[in-house]
Structures are given as structure tokens and as C-alpha cells.
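In: Sequence and predicted structure, then a few things I'm wondering about:
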Amino acid sequence: MKKKRILSMVITGSILMGVLVACTPSAQPAPTPAAPAQTPAATTPAAPTQTPVAPPVEAAQFQRGITVANMAEPSTVMPARHTTLVGSFVNAMTHNGLFRLDENLVPVPDLAYEVIALSDTLFEMRLHQNVYFHNGDHMTAYDIAAAFEYVRTYPEQRANQQSVQSWEVVDTYTIRIDSGEPNAMLFSELAGHGNFIFPRSLIEAGYDFSVNPVGTGPFVFEEWRAGDFMHFNAFDNYFDQGRLPSVGYVHWRIIPEGTSRTIALEMGEVDYVIDVALPDVARLKENPDITVMERPGVMFQNFQMNAVLAPTDNIHVRRAVDMALDREAMMMVALDGYGIVISQATPPIFAGSSTVGTRSFDPDGARALLAEHGIDPATIGFEILAFDEQHRRRAEVAQSNLMDIGIPTTITMIEFATWLTHTFDYTAWNFTFANQSATSLPAFLRGMSHSQLRGTANRANHIIPELDALIDQAFATIDDDARVAIMEQASIILNEYAALNGINMALLFRAFDANLVVPELAANGFMFKNMIYWNE
């Protein structure tokens, strides 16, 4: 067994509490804004007659591009129609929001260049005037308003859209946003792909953005062959000249098997591997033609049990299963030891996560708990779902652990897009492995466990009124210490409920051609492809 690699828990403090940053040119801090439960009401005046200052130009096919290899492909290229990290990777190439998250997950202005706090809940945002969509439309505040209204017709991104209660176009390049009540996560959520911006003209024309995701981003979508590749060309009319693409295109290859991705990189068939096969890390580090980048990340790897479908609707079954699973063995088998074992239901890198109410690896205790409640383990077998090779290896450990206490299981491998749909159906599954990447603990808690988000990120089907109230209170609490105390209470409830259970926090690995310069890699795995360039 290889020596265990320890994941450092020291990450830039700015990501620990979703800290808001100054957004005005004078760098004066604005009051922090939080999450209404209502659907926003839009106020959109008539469109202006102003003509754009300069017409857009065609996207150029210029300098050398990069070929990226990834394990999975998104379920859709349409922002607001999914809750997946791989989908957000793609969306960030083609779209922008009013804010974006930097490499430390701090929200910084993007389409907005200035924010003026009019109150604790009301913010006036002034927009860049030189922004064009890929179809040539000139972006104004009316596009922002139309996009906000449009994306709220899709339920998948409710978690990221609740922070904006209403909006009003002030003039062509100014929009006013009201959070309804103080909201500690407003700017961070405005940076999420659920709040990316679309052209008003295409929205009104009934355009299908799932076929061609037209945005303002640094790359223009060109083609998608499902299961094979996606292709994006640089948009040389991108508004942010300091972040203009330095590569001519991004060719995104889908290569599900880890060793195949490694070989493709070694053979020069791809330039950049997102999901690095961990057993290959040591070998890649020895190759002078390849750079391996690693950093602590926010990837929370876990298993979930459906809290509303028998047999995992029984809390004693869930707790017994949790006690029976050997997390140390799972980490060694699935991650080759690159990570740190955890047991809590929330990522420990965030202040407010708690270990109170968790259970240790204790097969004898699991047997005793089932016996105490008159549960015959042989009668509570279930299917274990997995969608990639890491999860399959975890599932094999879990299957052995559960058989040890008398619970029979089967392992079913399904393709990622199918897994997404399947696990939204509360009647269809009992146990699955998953990965989550959050930018703050309030956002994680709401997405993963608020009852309003059942059918989206809340796959385990938490329906706990006390927990819902604490999550809502955390969003509306501006004081850091008070918000941490609230989140600790919520974390303990999740631990005791045992439907969402952490396994480990993982290191972020990226491997790429040594001639590539990759200046930015965010803690949630985001790589800003427009900032990558060839050093030759």
C-alpha cells in the first residue's frame, strides 16, 4: 500500500467564508448582500435606440490552439440547464456573468465594472460598453434583464438564482439589483453559470441555446460530436483585452479511460489533461516534456443515500452503512492515497463544517445497530451506482464492506449524463457516489440539502424544516462569526441524518505539455483557458 498523501487544509482565507470583495474602482468595500425564496420579478423598460459605438468583427482563426482531454462531457452546453462542474467549465468559455470568480474563488467584476451599494440589499451595477455577443449583438443592460428572466424559467439552477429577487434597468449600461434582504453570497452567485448572460434578441426569437450557446465569452462554440469532441474558436472581439484568448482554439476531447488520457498526452495527441489518472501522476512527473500542476482544492468526494426510498429511508440503515464503510481503503484504492479522509457531511475547508454527529469505521457497531432495531441485513440489499473508474473502485470496496456486515449489493456503472438524470428521480436509486465542488459553505448547504432544491443538487432528498431554516438564516446573516455558528448547527444536523456522507477531500491535478503556460487554476478546478498560452 502506497504512502498516504496528506491534503493540506490551508487554503487562501478568502474562499473559506465566501468573503465579498470591493467592486468599485476606488476599492471601497460595499455592504455585503442573500437569498430570497421567491421567483424574481423583472422590471424591464423599453429597449433603447442607441447604436453600438463600433460593430463587432468576425472571430479570427489565428494562432496555435490547444487540445484538452477530459473524462466526461457535459449533459448540455446551455448554462442554467445543469448542475455539473464539467458543464460550467464549458460555459465559462462561451459566456460571462456580471461577476466571475478568480483563482481563489473571490468574486470580481466581469461584465460589470463598477458596483455602487445603495443599501444593504440594493446594488447599482455599471456595465462595460464595449461588449458584444458572438452573434454580433451589442450587449446592454436590457440583455442582462432579459437573461435574468429567461434563466429563471429553468429549475436546474434555482440554487444560484435565488439571491436576486428583482432587477431594474436604469439606463443602457446600468442595472439595479435587489437581493430582498441582506445576502452574504450575492456576488458569488452572480458569478455562477446559472446567471450567465444571453442576447435579448435571441431570447425573444425563441432561439435554442442548447444547440448553439451564444454568449459574450472568450471562445465561440463551433461543434459538438457527442462522446467524441467539442470545438471552440477564439473570439477576438472579446471585451476584456487583458484576458483576450492567447490560443486560437480549444479542442475538447472526451476520453473516459484514465490511462488512455495519459497516453494521449505522452504521445502529443492532447496538450492538456483535466482529469489526471492518479496512478499515473508519479510517471508523468518524471517526464521532462510534461508539467504536472497540483494544489489543494474544494472537491468534496462523498456517497449519498436516498432518504425517501426504502431501505435507505430508514435512518438506522443509513447510519449502519456509514459505519460499515472503510474510507481509508476507499481513498487508497480510488485515489492512490492522494487526499485526506473525512467523515462529515460538509467540506472541512470551510469554517462552519463540524465533525459532531459523525460515525467512525466500526463494522461491529454497524451490526449491533441493525440488530438493536430489528433489521435483518440480508433483507436490505441495494444497488450501488457509479459513473467513473474512481467511483467503481470505491464501489468495490463498499460492496466488500457491506457484505462483511451481511448487506448484499450490486454495482451498476452508468454514463455520467444518464447518472445525472437517474439520480434526480427519487424513486429510482438508493446509493451512489458523487463529487461536489462548492465556493462557500452556505452555497453547499443550500444546494445539497435544502428541501426546495429536491430534484436538482439535493439528490439525497433531504426534507428537514429545521435545516432549511438554518440555511436561509445563514444566507441572511452578514456577521461572519454568527454565520459560522449557524452553519455549524446545520452541519451537525446533516451528520446525524447520514444521507450525505463525506469520504475524502481530493487534491487537484492537471497535466499538460511543458511548453504550455497555465497561469491560473482555481481551487474548484476551473482553468481559465483564455489565459493559457504557448511558450514557444
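Out: Sure, I can see it. Quick caveat: nothing in here was measured; it's all calculated off a predicted structure.
In: my guess is residue 124 contacts residue 178, does it?
Out: No. Counting by Cβ atoms under 8 Å, residue 124 sits too far from residue 178 to count as a contact (10.4 Å). Every C-beta, even on glycine, is put in place using the N, C-alpha and C of the backbone.
In: Give me the more crowded residue out of those two.
Out: residue 178 (21 against 16; other Cβ atoms under 10 Å).
In: got any residues that touch both of residue 124 and residue 178?
Out: Counting by Cβ atoms under 8 Å, 6 or more residues apart in numbering, residue 124 and residue 178 have no shared contacts at all.
In: Please, which helix or strand holds the residue of the chain most remote from its centre?
Out: Within the chain, the residue lying farthest from the chain centre (Cα atoms, centre = their mean) is residue 374, at 40.3 Å. For residue 374, there is no helix or strand it lies in under DSSP states H and E.
In: Got phi/psi on it?
Out: Here is the backbone geometry of residue 374 (degrees, to the nearest 10): phi 70, psi 30.
In: Also the one 3 residues further on?
Out: Its backbone dihedrals place residue 377 at phi -60, psi -30, with angles given as degrees, to the nearest 10.
In: Relative to residue 409, how far out is it?
Out: 11 Å (Cβ to Cβ, to the nearest Å).
In: Near residue 376, how many other residues are there?
Out: 10.
In: now do the one 3 residues further on
Out: By the criterion of other Cβ under 10 Å, residue 379 has 10 neighbours.
In: Enumerate every residue touching it.
Out: residue 311.
In: what stretches of this structure score poorly on pLDDT?
Out: 1-63, 156-160 (pLDDT under 70).
In: Determine the longest helix present in it.
Out: Scanning the chain for the longest helix, with DSSP state H as the assignment, gives helix 480-497.
In: State the next helix or strand along the chain beyond that one.
Out: strand 500-513.
In: now the angle between helix 480-497 and that following strand, please.
Out: Interaxial angle, strand 500-513 versus helix 480-497 (axes from the mean of the first three to the mean of the last three Cα atoms, to 10 degrees): 110 degrees.
In: need the next SSE after strand 500-513, C-terminal direction.
Out: Next along the chain from strand 500-513, counting by DSSP H and E, comes strand 516-517.
In: could you say what helices and strands that following strand packs with?
Out: strand 533-534 (3 or more Cβ pairs under 8 Å, 6 or more residues apart in numbering; DSSP states H and E).
In: what lines up beside the strand it packs on in the sheet?
Out: strand 516-517 (antiparallel) (DSSP bridges).
In: gap between the partner strand and the chain center?
Out: 25 Å (Cα atoms, centre = their mean, to the nearest Å).
In: can you list contacts of that strand?
Out: By Cβ under 8 Å, 6+ apart, strand 516-517 touches 66, 271-272, 291, 532-535.
In: quick one: which of these is nearest to residue 244?
Out: Using Cβ to Cβ, residue 533 comes nearest to residue 244 of the contacts of strand 516-517, at 10.7 Å.
In: residue ranges for the strands of the stretch 51-200 of the chain, please.
Out: Using DSSP state E, counting those that start in this stretch, the strands of the stretch 51-200 of the chain run over residues 66-70, 99-101, 107-109, 112-117, 122-127, 166-171, 174-178.
In: out of these, nearest to residue 404?
Out: strand 66-70 (35.6 Å).
In: For burial, what's the neighbour tally of the nearest residue to residue 353 once chain neighbours are set aside?
Out: Take residue 353 and drop its neighbours on the chain: the residue closest to it by Cβ to Cβ, 6 or more residues apart in numbering is residue 346, 4.2 Å away. Under the neighbour criterion other Cβ under 10 Å, residue 346 is assigned a count of 29.
In: tell me the contacts of residue 346?
Out: So residue 346 contacts 300, 352-354, 441, 444-445, 487, 491, 494, 502 (Cβ under 8 Å, 6+ apart).
In: Quick check: the gap between it and residue 299.
Out: Distance from residue 346 to residue 299, by Cβ to Cβ: 13 Å.
In: okay, the contacts of residue 346 in CSV with distance to residue 385 and neighbour count next?
Out: Output for these, formatted as CSV (distance: Cβ to Cβ, whole Å; neighbours: other Cβ atoms under 10 Å):
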residue, distance to residue 385, neighbour count
300, 18, 27
352, 29, 25
353, 26, 24
354, 28, 19
441, 26, 27
444, 21, 27
445, 23, 29
487, 29, 27
491, 25, 29
494, 21, 26
502, 18, 24
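In: Could you export those residues as TSV, including distance to residue 217?
Out: Output for these, formatted as TSV (distance: Cβ to Cβ, whole Å):
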residue	distance to residue 217
300	27
352	33
353	33
354	38
441	28
444	26
445	29
487	33
491	35
494	35
502	33
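In: Between those, which sits nearest residue 418?
Out: For those, the nearest to residue 418 is residue 300 (22.3 Å; Cβ to Cβ).
In: one step back: which stretch among the strands of the stretch 51-200 of the chain approaches residue 194 most closely?
Out: Here strand 99-101 is closest among these (Cβ to Cβ), at 12.5 Å.
In: Would you pull up how far that closest one lies from the middle of the chain?
Out: 13 Å.
In: Listing partners with orientation, what would you give for it?
Out: strand 107-109 (antiparallel).
In: Can you list the buried residues in the partner strand?
Out: 107, 109 (16 or more other Cβ atoms under 10 Å).
In: buried residues in the longest strand along the chain?
Out: Longest strand in the chain by number of residues, with DSSP state E as the criterion: strand 290-305. Judged by neighbour count (16+ other Cβ under 10 Å), strand 290-305 contains these buried residues: 290-292, 294, 296-305.
In: What of stretch 112-124?
Out: Buried, per 16+ other Cβ under 10 Å, within stretch 112-124: 112-113, 115, 117, 120-124.
In: Distance to residue 246 added to those residues, as a markdown table?
Out: Formatted as a markdown table, these follow (distance: Cβ to Cβ, whole Å):
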| residue | distance to residue 246 |
| --- | --- |
| 112 | 24 |
| 113 | 22 |
| 115 | 28 |
| 117 | 35 |
| 120 | 40 |
| 121 | 40 |
| 122 | 38 |
| 123 | 33 |
| 124 | 34 |
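In: Hmm, residue 105 is touching residue 298, no?
Out: Yes. Residue 105 is within contact range of residue 298, at 7.4 Å (criterion: Cβ under 8 Å).
In: Contact partners for residue 513?
Out: Residue 513 neighbours (Cβ under 8 Å, 6+ apart): 265, 268, 271-272, 289-291.
In: Which of those residues are buried? Put it as a PyMOL command.
Out: A single PyMOL command selects the buried members of the contacts of residue 513 (16+ other Cβ under 10 Å):
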select buried, resi 265+271+272+290+291
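In: The contacts of residue 513: which two are farthest apart?
Out: Among these, 268 and 291 lie farthest apart (Cβ to Cβ), at 14.1 Å.
In: Contact partners for the most centrally placed residue in the chain?
Out: Centroid check for the chain by Cα atoms, centre = their mean gives residue 85 as the closest residue, at 4.2 Å. Contact analysis of residue 85 by Cβ under 8 Å, 6+ apart lists 435, 437, 524-525.
In: filter these to the buried ones?
Out: 435, 437, 524-525.
In: Keep only those of those residues that are in strands.
Out: Going by DSSP E, the strands hold 435, 437 from those.
In: Could you export the buried ones among the contacts of residue 85 as a markdown table, including distance to residue 365?
Out: Shown next, in a markdown table, are the buried ones among the contacts of residue 85 (distance: Cβ to Cβ, whole Å):
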| residue | distance to residue 365 |
| --- | --- |
| 435 | 28 |
| 437 | 32 |
| 524 | 35 |
| 525 | 36 |
